[in-house]
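J.: Requesting a structural model of the entry that follows:
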Amino acid sequence: MIKVKARSGESIQQMMKRFKKMCEKEGLIKDIKRQSYYEKPSEKRRRRARRTTG
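T.: Okay, here's the model as predicted:
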């Protein structure tokens, strides 16, 4: 779980920017986008096979 604590004198916009950067770094956004639509089991297998070989 990603947590962002406010630094002294930090604005909400700066905190949001740090939070988004942390999400990007953890691969969270990519994972959410991939799960936002249905993927057939055969497509999942193909994607996993491509990832392990290449």
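J.: Of all residues in this protein, which one is nearest the centre?
T.: residue 28 (1.6 Å; Cα atoms, centre = their mean).
J.: pLDDT wise, what is it at?
T.: Looking at residue 28, its pLDDT stands at 82.
J.: Pretty sure it sits against residue 1.
T.: No - under the criterion of Cβ atoms under 8 Å, residue 28 makes no contact with residue 1, lying 10.2 Å away. All C-beta atoms are positioned from the backbone trio N, CA, C, and that covers glycine.
J.: Check which helix or strand residue 51 maps to.
T.: Following DSSP states H and E, one finds residue 51 within helix 41-53.
J.: quick one: contacts of that helix?
T.: residue 39 (Cβ atoms under 8 Å, 6 or more residues apart in numbering).
J.: can you give me the mean pLDDT across that helix?
T.: Taken as a whole, helix 41-53 has a mean pLDDT of 87.
J.: What segments of this structure are helices?
T.: Along the chain, counting by DSSP state H, helices occupy 12-26, 28-35, 41-53.
J.: And the residue of the chain most remote from its centre, how far from residue 16?
T.: Seen from the C-alpha centroid of the chain, the residue lying at the greatest distance (Cα atoms, centre = their mean) is residue 9, 27.4 Å away. Separation of residue 9 from residue 16 (Cβ to Cβ, to the nearest Å) stands at 16 Å.
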